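Participant: Fold the following.
(2 chains)
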Amino acid sequence: MSYYVIGVGGSGARSVEALIHLCAAGLAPVNVDHIKFVMVDPDTANSSWTRTEEITKTYSDLREVPKGACDFQRLLVERLGSVWSPFGNSRAESQKLEQLFNYPALPSESRCLFDLLYTPEQRGAKLDIGFRGRPSIGAAIFGAALDVAKVEPWTSLVADMSTATAGGERVWVFILGSLFGGTGASGLPTIARLLAGAPNVTRANLAIGGAFLLPYFQFTVPPNPGQVVYADSLAFPRQTRQALEYYGLMSSDYNRIYAIGVDQKISQKSFSVGGSDQVNRAHVVELLAALAAMDFFATGAPGLPGAGQCAVIAREQPGEFTWADVPDVHWQDNGGRTHMVQSREKIGQLARTAFAYLKVFYPHLKQALRDPKSTAQTPWFVDLVKNHGVDLNEKPVEDSLSAGAKLAAACLRWLKELHTETSGIEVRLVDVQAFGDLTNVREDPSVLDETRFSKLVEGWKDRSLTDIWRLMCARRDRGPVRRVSGLGYFFKALYELCG
Amino acid sequence: MKGYFFRNLLVAVGGVALSAAVFYYLVIPVEAALLRELVSPENGTVEEWAADFSGLQSWVILASVVVELIWLLVALIDAGRRGSHRRLWLALGLVAVLLGLVACIWLPPAQSGVVYAVLLSVLNAALLYWLGTAWWTPATHKYDPIGSEFLRARLPW
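Facilitator: Residues are numbered from 1 along each chain as shown, chains lettered A, B, ... in the order given. Sure, this is the predicted structure:
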């Protein structure tokens, strides 16, 4: 089976980021071993994508070199190209809607229709930083630019899909984006429609799911925003309602839709029309969207019980978001037995692994690189690194260590943002008081409060970082262990002991 | 973590006791038999001299075991996150060797061959300390004793 995830717009980018963290946490159903991503945004400079691209690359790098054969390395994550923009390579020229449709050369009837649909300001607004919260602009551009027969990465994607579905294999596509802004709201229906109707794709073998994010943030537009056409969060609820009505009234190409929202929206600190200035932090809604993708891959096959039905989940208590509100992932194996992976257990394990690596083990490995004698008698270093033929001076090994630190720092920062970027809702998943200022955590791990380690996620064993160190020293893994090599022995041991 | 401490303590104490028993029941009798051929006592028979040597060596074994246990306790309590304690291990080893040497003061006088007895006494103290610590040191400091990596690589567990 083939699995594809398409992130659309800034919210899509952050949901894909959450999905990568869940992959690293080992929360994917066991049948999923390879996910391909497509990223879509006219605003390719959006900092959310920069972050997501970095994390995807780091995760892939970390998976490739130190083979550890443990849950956090199980999934192969592959990015199909970089962020795809409907403006292609011409985005630098600051495209406008009227240029894209060659407005001056249109027949007069078409121009009249154009004038009816778009105001002069909308026609003339530069679109290199997105659709500025206007789905009507985005839908027209997506429809015109996204030619699955000619444009990469869509041609490769559709070719893969048609080969797979023609051979009777099932293909799963999950699309994530917001329903209230410009890019997501216009991309979600258009992309699904184009993929569902793609040539040579057997629709019966294609399952399309979507996580539609309802308004979860707002911002105050300054008196003089510097642009005439911009996203206005006051319009988000109205736009969302219209979009939901569209999906309710029209026949949808989605086999399953997850609509995810929040009653108390967060306030973004600063207003930006787009580009690298637009920095939106991670939110639990995106975590739920990523979990929706896992659920879809596990249970969303057409024809399974649940088709045509509507299920609703909500928070257990108003005003707070706890592990009781985070769904677990269930799936059925080929024998029909149901399995469950607990989100709390897996995300907690990832958080502790990241914390332990950054606080204790990465500094030691760096020290070993500078002064090999300093770690010559350190048991875990001897047994799990040196004796498996790992030479820290080799570039790929050094890169893997650095990638591990990058991914760990990204994971802790993401978890911290989940807790801090809220308004009126107290998120209580991880004890982020233990994290401090993570800006420079890879170089300065002193910001991590070790005394809080065992209680990072409530309900774990009473095991301190020193205990983890002791257990690492006691671990030998003489090997050879199947599918494990090099630094993989070290990462596998650390991950398993934090579980 | 109780399991970790209990297991390591049990392995350390059991291992040290086993090493001491091997020395007491196998090594010392062999050494005594060897010395019967090499030593000429000033007073009494060579058997009596060898019996005195064996009795003295049991005290050397006991002293070495005490030093070993001090090391094992340190290694069990300290997690080793701040680095190796090889210098402490060497210092304690020196103490064990000195005790083996000092014990020779109480050897009965002999006309010749006493140097072999002194050498064996020092060797017993040093070897017992080395084997006991290299094999049975708790996980966090298991490679602090010189040669332990080589020795432990040959352990089946």
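Participant: going forward, measure contacts and count neighbours with C-alpha atoms only.
Facilitator: Noted.
Participant: Now do the strands in chain B.
Facilitator: Counting by DSSP state E, chain B has strands at residues B:40-41, B:110-112.
Participant: helices and strands around the first one, which ones?
Facilitator: Judged by 3 or more C-alpha pairs under 8 Å, 6 or more residues apart in numbering or on different chains; DSSP states H and E, strand B:40-41 is in contact with strand B:110-112.
Participant: who's in contact with the strand it packs on?
Facilitator: B:Leu38, B:Val39, B:Ser40, B:Pro41, B:Glu42, B:Asn43 (C-alpha atoms under 8 Å, 6 or more residues apart in numbering or on different chains).
Participant: rewinding a little: among the strands of chain B, single out whichever gets nearest to A:Asn387.
Facilitator: Closest to A:Asn387 of those is strand B:110-112 (C-alpha to C-alpha; 49.7 Å).
Participant: Report the buried residues of that closest one.
Facilitator: Across strand B:110-112, burial judged by 16 or more other C-alpha atoms under 10 Å in any protein chain shown covers B:Ala110.
Participant: Then stretch A:488-499?
Facilitator: In stretch A:488-499, counting by 16+ other C-alpha under 10 Å, buried: A:Gly488, A:Tyr489, A:Phe490, A:Phe491, A:Lys492, A:Ala493, A:Leu494, A:Tyr495, A:Leu497, A:Cys498, A:Gly499.
Participant: Now find how far off-centre it is within its chain.
Facilitator: Relative to its chain's centre, stretch A:488-499 lies at 24 Å (C-alpha atoms, centre = their mean, to the nearest Å).
Participant: Next: stretch B:3-18.
Facilitator: Averaging C-alpha positions (C-alpha atoms, centre = their mean) puts stretch B:3-18 17 Å from its chain's average.
Participant: which ones are touching residue 33?
Facilitator: As the question left the chain open, I've gone with chain A. A:Arg74, A:Leu75, A:Leu76 are the contacts of A:Asp33 under C-alpha under 8 Å, 6+ apart.
Participant: Actually, chain B is the one I wanted.
Facilitator: With C-alpha under 8 Å, 6+ apart, B:Ala33 has these contacts: B:Ala50.
Participant: what about it, distance to B:Ala20?
Facilitator: 19 Å (C-alpha to C-alpha, to the nearest Å).
Participant: same thing with B:Trp71?
Facilitator: 15 Å.
Participant: Also A:Pro107?
Facilitator: The value you get for A:Pro107 to B:Ala20, if C-alpha to C-alpha is used, is 103 Å.
Participant: Settle it for me: which of those two has more neighbours?
Facilitator: Of the pair A:Pro107 and B:Ala20, B:Ala20 is the one with more neighbours under other C-alpha atoms under 10 Å in any protein chain shown, namely 22 against 9.
Participant: My guess is the more buried one contacts B:Val65. True?
Facilitator: Yes: with contact defined as C-alpha atoms under 8 Å, B:Ala20 reaches B:Val65; the gap is 7.2 Å.
Participant: what residues do the two have in common as contacts?
Facilitator: Both B:Ala20 and B:Val65 are contacted by B:Leu128, under the criterion C-alpha under 8 Å, 6+ apart.
Participant: if we can go back for a sec, so which of the strands of chain B gets nearest A:Asn393?
Facilitator: strand B:110-112 (58.1 Å).
Participant: Just checking: what are the partner strands of the closest one?
Facilitator: strand B:40-41 (antiparallel) (DSSP bridges).
Participant: Report the distance from the strand it pairs with to the chain centre.
Facilitator: With C-alpha atoms, centre = their mean, you get 26 Å for strand B:40-41.
Participant: Identify the residues contacting it?
Facilitator: Applying C-alpha under 8 Å, 6+ apart, the external contacts of strand B:40-41 come out as B:Val46, B:Trp49, B:Pro108, B:Pro109, B:Ala110, B:Gln111, B:Ser112, B:Gly113.
Participant: How about the contacts made by the third one?
Facilitator: Right, the one you point to is B:Pro108. Per C-alpha under 8 Å, 6+ apart, neighbours of B:Pro108: B:Pro41, B:Trp49, B:Asp52.
Participant: can you do 7 Å?
Facilitator: With contact taken as C-alpha atoms under 7 Å, 6 or more residues apart in numbering or on different chains, B:Pro108 is in contact with B:Trp49.
Participant: again, but for the first one
Facilitator: For B:Val46, the residues meeting the contact criterion (C-alpha under 7 Å, 6+ apart) are B:Arg36, B:Ser40.
Participant: which bits of chain B sit near chain A?
Facilitator: B:Met1, B:Ala79, B:Ser84, B:Ala139, B:Thr140, B:His141, B:Lys142, B:Tyr143, B:Asp144 (C-alpha under 7 Å from any C-alpha of the partner chain).
Participant: Excluding sequence neighbours, find me the nearest residue to the second one.
Facilitator: Of all residues beyond its chain neighbours, the one nearest B:Ala79 is B:Thr140 (5.6 Å), with distances taken as C-alpha to C-alpha, 6 or more residues apart in numbering or on different chains.
Participant: Over to the last one?
Facilitator: By the measure of C-alpha to C-alpha, 6+ apart, the closest residue to B:Asp144 outside its immediate chain neighbours is B:Arg86, 4.9 Å from it.
Participant: Let's see stretch A:48-66 as PDB, backbone CA atoms only.
Facilitator: Listed next in PDB are the C-alpha coordinates belonging to stretch A:48-66 (Å, rounded to 0.1, in the frame of the first residue of the first chain):
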ATOM      1  CA  SER A  48       6.400  27.200   8.700                       C
ATOM      2  CA  TRP A  49       7.600  25.300   5.500                       C
ATOM      3  CA  THR A  50      11.200  26.100   6.200                       C
ATOM      4  CA  ARG A  51      10.800  24.400   9.600                       C
ATOM      5  CA  THR A  52       8.900  21.500   8.200                       C
ATOM      6  CA  GLU A  53      11.300  21.000   5.300                       C
ATOM      7  CA  GLU A  54      14.200  21.000   7.800                       C
ATOM      8  CA  ILE A  55      12.600  18.500  10.100                       C
ATOM      9  CA  THR A  56      11.700  16.200   7.300                       C
ATOM     10  CA  LYS A  57      15.200  16.200   6.000                       C
ATOM     11  CA  THR A  58      16.700  15.800   9.500                       C
ATOM     12  CA  TYR A  59      14.400  12.800  10.200                       C
ATOM     13  CA  SER A  60      15.200  11.200   6.900                       C
ATOM     14  CA  ASP A  61      18.900  11.700   7.400                       C
ATOM     15  CA  LEU A  62      18.800  10.300  10.900                       C
ATOM     16  CA  ARG A  63      16.900   7.200   9.700                       C
ATOM     17  CA  GLU A  64      19.300   6.500   6.800                       C
ATOM     18  CA  VAL A  65      22.700   6.300   8.500                       C
ATOM     19  CA  PRO A  66      22.400   4.900  12.000                       C
END
